[in-house]
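Visitor: Sequence first, predicted coordinates after that:
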Amino acid sequence: MARDYPLNKTRNFGVIAHIDAGKTTTTERILYYTGVSHKIGEVHDGATQMDWMEQERERGITITSAATTAFWSPTYMPKTDVSKKCRFNIIDTPGHIDFTIEVKRSLRVLDGAVVVFDGVAGVEPQSETNWRYASDAFVPRICFINKLDRMGANFDKAYDSILDRLSKKAVRMQMPIGAEENFNGIIDLLTMKEMKFTGELGKDVGTAEIPAELLDEAKKRRAEMVEKIVETDEDLMTQYLEGKEFTVEVLKETVRKATLANELFPVFCGSALKNKGVQLVLDAVIDYLPSPLDIAAPKGINALTGESATIDVSDTAPFTALAFKSMSDPFVGQLTFFRVYAGTLEAGSYIYNSTKEKKERVSRILRMHANEREEVKTVYAGEIAAAVGLKDTVTSDTMCTEEHPMILERIVIPESVISMRVEPKTKADQEKMGIALSKLAVEDPTFRVASDPETLETIISGMGELHLDIIVDRMKREFNVEANTGKPQVAYKETILSSASGEGKHIKQSGGRGQYGHVKLNIKPIDYSIEKEDLPKNTKRYDGFEFINSLKGGAIPQEFVPAVEKGLRESMDRGAVAGFKLVDVSCEVYDGSFHEVDSSEIAFRLAAGMALSDALAKAKPVILEPIMAIEIVTPDKFYGDITGNLSSKRGQIEGMDERGQDKVVKALVPLSEMFGYVNSLRSMTEGRATFTMEFSKYDVVPANIAKDIAENKK
């Protein structure tokens, strides 16, 4: 069976934004206007299709990314002409920082993005984070300034915040007619027409002449737009300076070319809730966002040769896909979402997981619409689908053919910053809890489960209090596990500030064959300014640990070197100050000795741990704590109280801004000081201030606080 839509008429894009900017409301309109749904679900009613989880509907936020497929013909084409009709594979992503992995892994497999902004607040903290993720993945974007019907909405101010805080390359393609409750239309600056939205829920899009009183401003805005567009093309710039006028088609083509190269970010406006402007954003997706053929050819590593290779995006190339999300479905079991970069995959066939070097059978292939499923027999290059039957394939694994094994670039998973003790309420819950936690950890790579080696308690870690709260709630609802939880704990780490040498000697005589291992090493903080290619030979760099083999003359036989390395890596889990995980340490093993008979792998493993402990005591070990970037929006009269309170929490005020009548305070504050902050902020400001928080960096804990942390740990 041949594909129903060609590659050049496929658009894979995500809807991304800060929490509460209107992503899900926009996506619900997209589903309605494209005919996927026949009624609009509202977030405030808990009736949306894309927010299908119970927790999402109760809390009115998106927790997990949801995928769907829709079809769209541009509004400017006659309804009988389907020559430009496109298939959309859409992912609606969360806006809360605790679920940022959903945005990160979605952008890894999408070709474009629609970035939604609140018309009142403009650019907000998570807007910046998502924009940065999109830039890292080189994803072309179009912007939609939403909620222009809200009190305090200001299109120009929101547009200026994009220019100031995100990119000077943003270009205004539209201007609104009216503001706040008087917002009632949009002027398209390309065609110089007023766009009207009539019929049931604004379904019919028509045009009219621009009102006379707005014509001069529209001409001025259009001139600014044209100048910004032609700046991206030298030939057009020359013609523009000579006074040439350009057709709409030429300008559109130039915007498309510049958008694909991330040289322009077209900005549109509207109100999804009031059914204005969404169809024009869909037109822009077709006009300006890339098809799978327009993006740079994906690169990977040939698993047979270890060399870099480019993947041919076509149905006839060898099958290559990236698994970007796992989900447990109560009806079909484990679902593995994947993006096909090349080739085709049929239900019932086998795939080769080149990351884990395992072969697995795909029993069924599903095209997802949020939590609803449509079974398909074959998926083609450029498509996004979900596979049933894969047991070992998880986020970041490459799926391919055994004859042409490729390994695609992995998705970078952020470090978890907060931990919590969890224990089953009854013996019956104990076994169920282990199964539930392991399934949830497969779904969410930022959620980690570990056992405390001293107390044997189960410790769960995540990106924030809300993240862990949702995990515990899901355990109860989806897996029927009742659990008691402890107070959230900060995920501290340890490192060293100076270089030191250490020696470890493990000698044990027990009558028969003894044990002998002797290791000498130097340790120092890792210098991340040195690129991996510049490292000395015999160096292995892991995440926060570097192993350098400088042994000469067979001081330690080569067969025991892996045991030394293993002993060091195991010891990195226990720091010298309070037993937290040790990071950013370079270990150079330069000498040692062995015994012809008594030396063994376990002896060298233990000796390496002893040598590291010896060196750590002299290397100025310190505790590191996560520092959070905080942004607080507050009425002016509470500004002094808030800054004073942040200072008492060891906070550093980074800056102050204004947003309408409110003040915006930006600060860096240790996570340990932020537990329960939402309650104290409400009581300080009569419930009128809001705040957002995201991880910024790890920093050294002051000595007096480090002492308390170490004593509490003991």
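Guide: Structure received. Numbering: from 1, shown residues only.
Visitor: Specify the local secondary structure of residue 337.
Guide: Under DSSP: H, G, I helix; E, B strand; the rest coil, residue 337 falls in the strand class.
Visitor: What helices and strands are in contact with the lengthiest strand in the chain?
Guide: Longest strand in the chain, counting residues (DSSP state E): strand 621-635. Contacts defined by 3 or more C-beta pairs under 8 Å, 6 or more residues apart in numbering; DSSP states H and E place strand 621-635 against strand 493-496, helix 639-648, strand 662-670, strand 690-700, helix 703-713. C-betas here are computed from N, CA, C, even on glycine.
Visitor: again, 7 Å this time
Guide: With contacts defined as 3 or more C-beta pairs under 7 Å, 6 or more residues apart in numbering; DSSP states H and E, the packing partners of strand 621-635 are strand 493-496, strand 662-670, strand 690-700, helix 703-713.
Visitor: weakest of those in terms of mean pLDDT?
Guide: Note on the helices and strands packed on strand 621-635: lowest mean pLDDT is at strand 690-700, with a mean of 83.
Visitor: ok, back up a step: nearest to residue 256, out of the helices and strands packed on strand 621-635?
Guide: Closest approach to residue 256 among those is made by strand 690-700 (33.1 Å; C-beta to C-beta).
Visitor: now the angle between helix 639-648 and the closest one, please.
Guide: 30 degrees (axes from the mean of the first three to the mean of the last three C-alpha atoms, to 10 degrees).
Visitor: in its sheet, what does strand 690-700 sit against?
Guide: Here strand 690-700 is paired, per DSSP bridges, with strand 621-635 (antiparallel).
Visitor: Just the buried residues of the strand it pairs with, please?
Guide: Buried residues in strand 621-635, counted by 16 or more other C-beta atoms under 10 Å: 621-634.
Visitor: residues in contact with residue 338?
Guide: The contact partners of residue 338, by C-beta atoms under 7 Å, 6 or more residues apart in numbering, come to 321, 322, 323, 324, 385, 387, 399.
Visitor: Mind jotting down where the strands sit in the stretch 151-300 of the chain?
Guide: In the stretch 151-300 of the chain, the segments counted as strands under DSSP state E, counting those that start in this stretch are 170-172, 174-177, 185-188, 193-198, 204-208, 265-269, 299-302.
Visitor: returning to that earlier point: out of the buried residues of strand 621-635, which is nearest to residue 312?
Guide: Using C-beta to C-beta, residue 629 comes nearest to residue 312 of the buried residues of strand 621-635, at 41.5 Å.
Visitor: Quick check: the gap between the spatially closest residue to the closest one that is not a sequence neighbour and residue 659.
Guide: Leaving aside its sequence neighbours, residue 629 sits nearest to residue 696 (C-beta to C-beta, 6 or more residues apart in numbering; 4.1 Å). Between residue 696 and residue 659 the distance is 21 Å, computed by C-beta to C-beta, to the nearest Å.
Visitor: hey, which of the helices and strands packed on strand 621-635 is tucked in deepest?
Guide: Comparing the helices and strands packed on strand 621-635 by mean neighbour count (mean count of other C-beta atoms under 10 Å), strand 493-496 ranks first with a mean of 22.
Visitor: burial count for the closest residue to residue 224 other than its chain neighbours?
Guide: Spatial nearest neighbour of residue 224, excluding adjacent residues (C-beta to C-beta, 6+ apart): residue 172 at 7.1 Å. Residues contacting residue 172 under the criterion other C-beta atoms under 10 Å number 22.
Visitor: Show me what counts as buried in stretch 375-386.
Guide: Neighbour counts over stretch 375-386 (16+ other C-beta under 10 Å) mark 376, 378, 379, 380, 381, 382, 383, 384, 385, 386 as buried.
Visitor: Does the last one belong to a helix, a strand or coil?
Guide: Same thing as residue 386. What three-state DSSP gives for residue 386 is strand.
Visitor: and it, what are its bridge partners?
Guide: With DSSP bridges as the rule, residue 386 is bridged to residue 337, residue 366.
Visitor: That one reaches residue 333, doesn't it?
Guide: No. Look at residue 386 against residue 333 with C-beta atoms under 7 Å: they stay out of range, at 11.2 Å.
Visitor: on that earlier part again, please pick the buried ones from the contacts of residue 338.
Guide: Neighbour-count burial within the contacts of residue 338 applies to 321, 322, 323, 324, 385, 387, 399; the criterion is 16+ other C-beta under 10 Å.
Visitor: same for the helix or strand hosting the last one, what does it pack against?
Guide: In the assignment (DSSP states H and E), residue 399 maps to strand 398-400. Here strand 398-400 touches strand 320-329, strand 350-353, strand 406-408, going by 3+ C-beta pairs under 7 Å, 6+ apart.
Visitor: how about those strands in a markdown table, adding distance to residue 475 and mean pLDDT?
Guide: Below are these laid out as a markdown table (distance: least, C-beta to C-beta, whole Å; pLDDT from 0 to 100):
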| stretch | distance to residue 475 | mean pLDDT |
| --- | --- | --- |
| strand 320-329 | 12 | 84 |
| strand 350-353 | 28 | 91 |
| strand 406-408 | 32 | 90 |
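Visitor: Rebuild those strands as CSV, extending it with distance to residue 367.
Guide: Formatted as CSV, the helices and strands packed on strand 398-400 follow (distance: least, C-beta to C-beta, whole Å):
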stretch, distance to residue 367
strand 320-329, 14
strand 350-353, 17
strand 406-408, 22
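Visitor: so how far is residue 304 from residue 357?
Guide: Distance of residue 357 to residue 304, given as C-beta to C-beta: 12 Å.
Visitor: hang on, the earlier thing: Serialize the buried residues of stretch 375-386 to JSON lines and add fields for pLDDT.
Guide: Below are these laid out as JSON lines (pLDDT from 0 to 100):
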{"residue": "376", "pLDDT": "86"}
{"residue": "378", "pLDDT": "90"}
{"residue": "379", "pLDDT": "90"}
{"residue": "380", "pLDDT": "89"}
{"residue": "381", "pLDDT": "89"}
{"residue": "382", "pLDDT": "87"}
{"residue": "383", "pLDDT": "87"}
{"residue": "384", "pLDDT": "87"}
{"residue": "385", "pLDDT": "88"}
{"residue": "386", "pLDDT": "88"}
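Visitor: Pick out the most distant pair among the residues you listed.
Guide: Farthest apart among the buried residues of stretch 375-386 by C-beta to C-beta are 381 and 386. That separation is 16.8 Å.
Visitor: Which neighbouring elements make contact with whatever helix or strand residue 474 lives in?
Guide: Under the criterion of DSSP H and E, residue 474 resides in helix 465-479. Contact here means 3+ C-beta pairs under 7 Å, 6+ apart; on that basis helix 465-479 packs against helix 54-59, strand 418-424, helix 427-443, strand 458-462, strand 483-485.
Visitor: Dump the C-alpha coordinates for the next helix-or-strand element following the first one into PDB.
Guide: Meaning helix 54-59. Where DSSP H and E defines the elements, the next helix or strand beyond helix 54-59 is strand 66-72. Taking C-alpha atoms only, strand 66-72 is exported to PDB below (Å, rounded to 0.1, in the frame of the first residue of the first chain):
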ATOM      1  CA  ALA A  66      -0.100  14.200  23.300                       C
ATOM      2  CA  ALA A  67       0.200  13.400  19.600                       C
ATOM      3  CA  THR A  68      -2.500  13.700  17.000                       C
ATOM      4  CA  THR A  69      -2.900  13.700  13.200                       C
ATOM      5  CA  ALA A  70      -5.000  16.300  11.200                       C
ATOM      6  CA  PHE A  71      -5.400  17.500   7.600                       C
ATOM      7  CA  TRP A  72      -5.600  21.100   6.400                       C
END
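Visitor: Noted, bye for now.
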